[in-house]
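# Need the 3D shape of this:
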Amino acid sequence: MTAMEALRNAAGEQGLFRGLVECSQDAILIKTLGGQVTFWNAAAQRLYGYRAQEVVGRHIGLLIPPDLKDEEADLLERIGRGERIEHYETRRATSDGRILDVDVSLWPIRNRNGVITGVCSTVRDITERKKAERELAELYAQQRHIALALRLMGASEQIPGARAATRYLPSTQGQGVGGDWLDLIDLGAGRVGVIIGDVMGRGLDAAVVMGQLRSAARALALAGTPPCELIQTLDTFTRGLPEQFVTCTYLEADPALGEVTACSAGHLPVWLVAPDGAVSALPVPTGIPLGVGGVPHQQVRLPLRAGTTLALYTDGLVETPHSDIDAQLDLLTATLREVFATTPDLEDAANRVLHTMLPGTATYADDVTLLLVGFPAAPLDTTTVELAGRPSSVPEGRYFLRRTLRWWGLTALADTALLLVSELLTNAVCHAPGPLTLRVWYSARELGVEVSDGSTPRPRARLADNAEENGRGLMLVEALADAWGTRPGPTGKTVWFTLLTAAAQTAEAPPRDPAGLSG
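Model prediction:
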């Protein structure tokens, strides 16, 4: 082949190459290692709005947004070292000032001696794709916010007389939310309500059902509904909801009495960690899930020793695709035993339980919920007296309470406590048949006074007319007690009130404002 023929062939190949480049739908440009543009195809003109004669010879910084001014130097330096950069997502500016999201691939150009002399890059507009991704992310975040707001999970409130540590790990599949929930409820008079539940399924639908059930359960608990009745009411409520398979356990702990009343609707067993570290399942009948109906649930009353910790959880903690659930429950038992043998701190214990049960993973097929709640101490003292259902029981009860407060060194609370107990005893004598029980207890935080009788209707505060002689007692209780309420019992009801001790009043009082600047 002659030299002239070789030149013609080379020119033909270059023409073919240029034709292919000009037909490309991707912007293709060539630049020196210093950043000067040496080639610019038609697609680059369509993408950026600059004609070739406006760009060739100028620095590529023409296309770089101000906040990315250092990016191009770094890319050119990497190409100069021989790197090839594939699908680098960044932003570039057009001739009319618009900012585009682009996907850039760059590779070095070498001369015949293998020396890198320039950079070739292809650029694709991905602005619409990135916009769709951002909109999808915003929608996902909005759905997640709604679901988490419905969940009202967060860190459950701390209850006087109990310690708690909660953990919630959302599913990493789908919308990242589901039907797990837990709640700690201050029932007053030193009593604590504990509930945990799991709605079948995941996503926003399950979270909405969960939010409804959580709200209903809390309202029923605060109204003094016993565990079995609360579960039965939730069962009826669930049948009208779209997700009709729900497991749930509700416990009502009374450290002053040293007992816990529990009812389960098909939920996993609650583990009891005794003060000596022994771990056992709380013997609660499992029952059937909510929404099934047809079979009554059962509640049990069990002893609750001071220093006991209860561990409640959902199936996400113990169910995995590659393990037997019985083996996982055995592992949880052993883990609780080991953890509580070495640490009294519930937060540390919760972290260690999760680390053992779900090692080395940040992905969860289902929500994971764990609640550790401990009852570190019983009341400092408690005493009870039985009274007849007659008017003379009112002064007898006052005398008993005065003597008790003197013995406990709580005479500072005597005037208010004696006035309020008179009202409760008078109501019981007037409206309830049979004997009465007056129980008094105190802790470092509060004094509790309870009057139990054989009447089932629960009293309520009301506004009395000026001509009425009755109807003001419970208004007085509401005005003077720090907390009060009623709850049903096995054969009647209990009306109670609490008064904060002097130490608790000092601890809970707002800071003083010596200069009077606050108002």
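# Using the three-state scheme, assign Gly287.
Classification of Gly287 using DSSP: H, G, I helix; E, B strand; the rest coil returns coil.
# That one: what's it in contact with?
Residues near Gly287 by C-beta atoms under 8 Å, 6 or more residues apart in numbering: 231, 263-266, 295, 297-298. Every C-beta, even on glycine, is put in place using the N, C-alpha and C of the backbone.
# go with 10 Å
228, 231, 235, 247-249, 263-267, 295-299 (C-beta atoms under 10 Å, 6 or more residues apart in numbering).
# Check Thr233 too.
Counting by C-beta under 10 Å, 6+ apart, Thr233 touches 216-217, 219-220, 225, 290.
# Return the closest of those with respect to Tyr442.
Lowest distance from Tyr442 to the contacts of Thr233 (C-beta to C-beta) belongs to Thr225, with 26.8 Å.
# hmm, back to that, now, the contacts of Thr233 that are in helices?
Residues of the contacts of Thr233 located in helices (DSSP state H): 216-217, 219-220.
# Most neighbours out of the residues you listed, which is it?
When neighbours are counted by other C-beta atoms under 10 Å, Ala217 leads those with 24 neighbours.
# With Trp181 as the reference, measure out to the nearest residue to that one once chain neighbours are set aside.
Nearest residue to Ala217, sequence neighbours excluded (C-beta to C-beta, 6 or more residues apart in numbering): Ile195, at 5.4 Å. Computed as C-beta to C-beta, to the nearest Å, the Ile195 to Trp181 distance reads 8 Å.
# Mind listing the shared neighbours of these two?
Here Ile195 and Trp181 share the contacting residues 213-214, 217, 248, scored by C-beta under 10 Å, 6+ apart.
# so which of the residues you listed would you say is closest to Arg129?
Arg214 (39.2 Å).
# Is the closest one within a helix or a strand, and which one?
Arg214 belongs to helix 204-222 when assigned by DSSP states H and E.
# Can you list the buried residues in stretch 419-431?
For stretch 419-431, burial by neighbour count (16 or more other C-beta atoms under 10 Å) applies to 420-429.
# just to revisit the earlier point, got TSV for the ones in helices among the contacts of Thr233, with distance to Ala341 too?
Formatted as TSV, these follow (distance: C-beta to C-beta, whole Å):
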residue	distance to Ala341
Ala216	39
Ala217	34
Ala219	39
Leu220	37
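# partners of the regular element (helix or strand) spanning the residue nearest to Ala217 in the sheet?
If you go by DSSP H and E, Ile195 is part of strand 191-202. Using DSSP bridges, the strands paired with strand 191-202 are strand 178-188 (antiparallel), strand 246-254 (antiparallel).
# who's in contact with Glu128?
Contacts for Glu128 were tallied using C-beta under 10 Å, 6+ apart; they are Asp101.
# Could I get the phi/psi values of it?
The phi/psi pair for Glu128 (degrees, to the nearest 10) reads phi -70, psi -40.
# Roughly how far does it sit from Arg134?
Separation of Glu128 from Arg134 (C-beta to C-beta) stands at 11 Å.
# likewise Leu169?
Shown here: Leu169 relative to Arg134, a distance of 26 Å by C-beta to C-beta.
# if we can go back for a sec, to Ala27, which of the strands paired with strand 191-202 lies closest?
Judged by C-beta to C-beta, the one of the strands paired with strand 191-202 that comes nearest to Ala27 is strand 178-188, at 45.2 Å.
# which residues of the stretch 301-450 of the chain fall in strands?
With DSSP state E, counting those that start in this stretch as the criterion, the stretch 301-450 of the chain has strands at 308-313, 368-375, 381-387, 436-442, 446-453.
# mind saving the C-alpha coords of the next helix or strand after the last one as PDB?
Put plainly, it is strand 446-453. The first helix or strand that comes after strand 446-453 along the chain, using DSSP H and E, is helix 473-480. Only the C-alpha atoms of helix 473-480 are listed here, as PDB (Å, rounded to 0.1, in the frame of the first residue of the first chain):
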ATOM      1  CA  GLY A 473     -66.900  15.200  97.800                       C
ATOM      2  CA  LEU A 474     -65.100  14.000  94.700                       C
ATOM      3  CA  MET A 475     -64.700  17.600  93.500                       C
ATOM      4  CA  LEU A 476     -62.800  18.200  96.700                       C
ATOM      5  CA  VAL A 477     -60.700  15.100  96.100                       C
ATOM      6  CA  GLU A 478     -59.900  16.200  92.600                       C
ATOM      7  CA  ALA A 479     -58.900  19.600  93.800                       C
ATOM      8  CA  LEU A 480     -56.600  18.500  96.700                       C
END
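# and the next element down the chain from helix 473-480?
Elements were assigned by DSSP H and E; along the chain past helix 473-480, the next helix or strand is strand 483-488.
# in that next one, what counts as buried?
Buried positions in strand 483-488, judged by neighbour count with 16+ other C-beta under 10 Å: 483-487.
# and what of stretch 378-385?
For stretch 378-385, a neighbour-count test (16+ other C-beta under 10 Å) marks 378-379, 382, 385 as buried.
# same thing with stretch 401-418?
Along stretch 401-418, these residues count as buried under the neighbour rule (16+ other C-beta under 10 Å): 401, 404-405, 408, 410, 413-414, 417-418.
# again with stretch 245-255
Buried, per 16+ other C-beta under 10 Å, within stretch 245-255: 246-255.
# any low-confidence regions in the stretch 351-500 of the chain?
Counting by pLDDT under 70, the stretch 351-500 of the chain contains low-confidence ranges at 361-366, 457-472.
# ok, now with 90
Applying pLDDT under 90 to the stretch 351-500 of the chain flags residues 357-369, 375-381, 389, 427, 430-434, 443-445, 454-479, 485-493.
# so how many other residues sit close to Leu372?
Leu372: 24 neighbours (other C-beta under 10 Å).
# Farthest-apart pair in the buried residues of stretch 401-418, please.
By the measure C-beta to C-beta, Trp408 and Leu418 form the most distant pair in those, at 14.0 Å.
# Return the residues in contact with the residue nearest to Ala217.
The contact partners of Ile195, taken as C-beta under 10 Å, 6+ apart, are 181-185, 213-214, 217-218, 220-221, 227, 230-231, 234, 248-252, 267, 312, 371.
# so Arg46 is in which element?
Assigned by DSSP H and E, Arg46 belongs to helix 42-48.
# got the contact list for that helix?
Helix 42-48 is touched from outside by 21-29, 37, 40-41, 50-52, 54-55, 62-63, 92-96, 98, 100, 102, 121-125, with contacts defined as C-beta under 10 Å, 6+ apart.
# could you dump the following helix or strand past it to CSV, C-alpha only?
Next helix or strand after helix 42-48 toward the C-terminus (DSSP H and E): helix 52-55. C-alpha atoms of helix 52-55 as CSV (Å, rounded to 0.1, in the frame of the first residue of the first chain):
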residue,chain,number,x,y,z
ALA,A,52,-18.7,23.8,19.0
GLN,A,53,-17.1,27.1,17.9
GLU,A,54,-18.2,28.7,21.2
VAL,A,55,-16.6,26.0,23.4
